[in-house]
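J.: quick one, what's the 3D model for this:
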Amino acid sequence: MRVKIFATLCLATVAVMMSAVQPLSAQSKIGFIDFEAALVATAEMQVEAGKMEAEFTPRQDKLTALADQLAAAQQNLAAATDAQQQAALEGQAALLQRRFERDREDLQAAIDFRRDGILQRGATKMRIVLEALRVEKGFDMVVNSATVYVSNPTLDVTTAATAAYDTAHPAAAN
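T.: Residues are numbered from 1 along each chain as shown. Have a look, this model is predicted:
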């Protein structure tokens, strides 16, 4: 009797283990995306890039003019022969150099801050679009192709994600 119960328990255990293994052996369908390329290629990001360029061009132009002033001051310093004139030009060049570096760093920080905010908002929207695309295409998951070395090109959803994003979030060109 004990042997019969033990055999039944063993068979039941094996059956449970086999049923647990069965779903694991099913094939998974994985989509790939170059997330950054898909996001940057969207119409909304292109419009934002244009806005950023228009916003920061005047500051970049001022920085270029300051660089020209600095170059001129350094040329004048190299041509100076009088020690007093040389000292005055060194002070002027040093002042222009500090101002140029400070303005360049400030501009870069402003650009980085603005760009990061735009990309963060876009990435949030893209994740929502990707979830809908994942369901539509029947993928179990979509992974960033940055670390994928070889894959089936039919599983690449980069272009489809950009198109779906553009459809879901049309760019306002104001």
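
J.: now the top helix by length along the chain, how far from the centre of its chain.
T.: Looking across the chain with DSSP state H, the single longest helix is helix 83-137. Mean-position distance between helix 83-137 and its chain equals 14 Å (C-alpha atoms, centre = their mean, to the nearest Å).

J.: elements contacting the next helix or strand after that helix?
T.: Scanning forward in sequence from helix 83-137 by DSSP states H and E, the next helix or strand is strand 141-144. If you count contacts as 3 or more C-beta pairs under 8 Å, 6 or more residues apart in numbering; DSSP states H and E, strand 141-144 packs onto strand 30-33, helix 83-137. For glycine as for every other residue, the C-beta is placed from the backbone atoms N, C-alpha and C.

J.: contacts for the shortest one?
T.: What that stands for is strand 30-33. In this structure, residues lying in contact with strand 30-33 by C-beta atoms under 8 Å, 6 or more residues apart in numbering are 130, 133-134, 137, 139-145, 148, 151, 155-158, 161.

J.: hmm, back to that, which of the helices and strands packed on strand 141-144 sits closest to E55?
T.: Evaluated with C-beta to C-beta, those place helix 83-137 nearest to E55, the distance being 7.5 Å.

J.: what packs against that closest one?
T.: strand 30-33, helix 35-40, helix 43-79, strand 141-144, helix 158-168.

J.: which of the ones you listed sits closest to A123?
T.: Distance to A123, taken as C-beta to C-beta, is lowest for helix 35-40 among the helices and strands packed on helix 83-137, at 6.3 Å.

J.: buried residues, the closest one. List them.
T.: Within helix 35-40, the residues scored as buried using 16 or more other C-beta atoms under 10 Å are 35, 38-39.

J.: touching that helix from outside, list them.
T.: Contacts of helix 35-40 (C-beta under 8 Å, 6+ apart): 45, 119, 122-123, 126, 144, 146, 158-159, 161-162, 165.

J.: now with 10 Å?
T.: Applying C-beta atoms under 10 Å, 6 or more residues apart in numbering, the set of residues contacting helix 35-40 from outside is 33-34, 45-46, 48-49, 118-119, 122-123, 125-127, 129-130, 142-146, 156-165.

J.: weed out the non-buried ones from the residues you listed.
T.: Neighbour-count burial (16+ other C-beta under 10 Å) is assigned, among the contacts of helix 35-40, to 33-34, 45, 48, 118-119, 122, 126, 129-130, 142, 145, 156-158, 160-165.

J.: just the pLDDT for M52.
T.: We have a pLDDT of 96 for M52.

J.: check contacts around it.
T.: Applying C-beta under 10 Å, 6+ apart, we find M52 in contact with 110-111, 114-115, 118.

J.: equivalent analysis for L107, please.
T.: Here L107 is in contact with 56, 59-60, 62-63 (criterion: C-beta under 10 Å, 6+ apart).
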